[in-house]
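Enquirer: Predicted model and sequence follow; I will ask about them next.
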Amino acid sequence: MSEENVKAGCASCGVAVIDDIKLTKCTDCDLVQYCSDACQKEHNSQHQQECKKRAAELRDELLFKQPESTHLGDCPICMIPMPLDFQKYGTSSCCSKKICNGCNYANQMREAEKKLQHSCPFCRKPVPFTKGQGDKQFLKRIAANDPVGMHVKGIQQYLKGDYRSAFEYYTKAAELGDAAAQYELGRLYESGKGVEKDEGKAIHFLEEAAIGGHPNARNRLGLIEWDNGNTERALKHFFIAAKLGENDSIKVLMDAFRNGLVSKDDLASALRAHQAAVDATKSLQRDIAP
């Protein structure tokens, strides 16, 4: 058996791939593969240290990759990146689409001009006049397993002070990959509201949200790393958040520059990227919206 075939074989017994034997990679590190669960269990003590090291490296590669956009993405109507300010967009209870104020305002002007009934700018369904009707629509979205509807319901419960219920809704939305819910869930684990405090779980969910492009989660991770004395990792988080248009991270980077922790060129690059991200969210239609 050649050296290449040995490396390609089972890390425990050395058997190579043949017609009736399939090898499965270690899901944590992708460095080795096994022909059976028994072989993986037997080899675990030899592989554990290397596996943890490589798994951590892979996690960091994913964690510190600059996202192409924020978790909000683009407005589904004008296709311009959504602003980070939650007061500059709304979520439709009928279809759970986040729509910028510019497109909402344009829809209102169109309806006023043509004397039309008020409807959703995206799906054109009539918009409920009462809060209760809107809540019923969100409940329908939740029944349809919609993570955005679950996240919105979680926010409503949180504002009522029902943190346990908020935790349950955030958890369901987070399991479906909603970055905003993952961020909120991380903060609940940090504060202990509605759930027992757990720093490990808090960081896990904040990291998942950051990977999904959530700038506030990224900034929060930077602050945690900073408090723990991990300056280099903290600055990586702040740079990524700043380049997504997050304001607080820019302020931290400017302070770090004044203290000699960030170079002039790196700060200038972050400032340019931050401004570009902010400018990308602007439009005439959004500027004239009240």
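Expert: Cool, got the structure.
Enquirer: Need the distance between the two termini of stretch 251-268.
Expert: Terminal residues of stretch 251-268 lie 13 Å apart, using CA to CA, to the nearest Å.
Enquirer: And for stretch 108-123?
Expert: Using CA to CA, one end of stretch 108-123 lies 14 Å from the other.
Enquirer: Stretch 11-21 now?
Expert: 14 Å.
Enquirer: Quick one: mean pLDDT over it.
Expert: Here stretch 11-21 scores 82 as its mean pLDDT.
Enquirer: so where's the stretch 1-150 of the chain shaky on pLDDT?
Expert: Confidence mapping of the stretch 1-150 of the chain against pLDDT under 70 gives the ranges 1-7, 19, 129-134.
Enquirer: ranges for the strands of this protein?
Expert: Assigned by DSSP state E, the strands in the chain fall at 24-25, 33-34, 89-91, 98-100.
Enquirer: Now render those strands as JSON lines, adding distance to residue 60 and mean neighbour count.
Expert: Heads up, the C-betas are built off the backbone N, CA and C, glycines and all. As requested, the strands of the chain are arranged in JSON lines below (distance: least, CB to CB, whole Å; neighbours: other CB atoms under 10 Å):
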{"stretch": "strand 24-25", "distance to residue 60": "20", "mean neighbour count": "12"}
{"stretch": "strand 33-34", "distance to residue 60": "23", "mean neighbour count": "21"}
{"stretch": "strand 89-91", "distance to residue 60": "32", "mean neighbour count": "18"}
{"stretch": "strand 98-100", "distance to residue 60": "30", "mean neighbour count": "22"}
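Enquirer: how about those strands in JSON lines, adding distance to residue 150?
Expert: Conversion of the strands of the chain to JSON lines gives the following (distance: least, CB to CB, whole Å):
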{"stretch": "strand 24-25", "distance to residue 150": "33"}
{"stretch": "strand 33-34", "distance to residue 150": "38"}
{"stretch": "strand 89-91", "distance to residue 150": "12"}
{"stretch": "strand 98-100", "distance to residue 150": "14"}
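Enquirer: which one of these lies closest to residue 77?
Expert: Closest approach to residue 77 among those (CB to CB): strand 98-100, 6.1 Å.
Enquirer: so what does that closest one touch, helix or strand wise?
Expert: Where contact means 3 or more CB pairs under 8 Å, 6 or more residues apart in numbering; DSSP states H and E, strand 98-100 is packed against strand 89-91.
Enquirer: And residue 281, what's its pLDDT?
Expert: At residue 281, pLDDT is 98.
Enquirer: count of neighbours near it?
Expert: Residue 281 is flanked by 21 other residues according to other CB atoms under 10 Å.
Enquirer: Enumerate every residue touching the closest residue to it other than its chain neighbours.
Expert: Nearest residue to residue 281 in three dimensions, chain neighbours excluded: residue 83, at 4.4 Å (CB to CB, 6 or more residues apart in numbering). Residues in contact with residue 83 (CB atoms under 8 Å, 6 or more residues apart in numbering) are 89, 100, 281, 286.
Enquirer: Backbone dihedrals for residue 83, please?
Expert: phi -70, psi 150 (degrees, to the nearest 10).
Enquirer: Against residue 54, how distant is it?
Expert: Residue 83 sits 39 Å away from residue 54, going by CB to CB, to the nearest Å.
Enquirer: Same check on residue 108?
Expert: On the measure of CB to CB, residue 108 and residue 54 end up 54 Å apart.
Enquirer: Also residue 10?
Expert: The value you get for residue 10 to residue 54, if CB to CB is used, is 18 Å.
Enquirer: same deal with residue 81?
Expert: 35 Å.
Enquirer: Kindly report the same for residue 207.
Expert: Noted for residue 207: a distance of 18 Å to residue 54, by CB to CB.
Enquirer: Give me the pLDDT for the residue lying closest to residue 273 once chain neighbours are set aside.
Expert: Distance criterion CB to CB, 6+ apart; nearest residue to residue 273, sequence neighbours excluded, is residue 243 at 4.0 Å. pLDDT for residue 243: 97.
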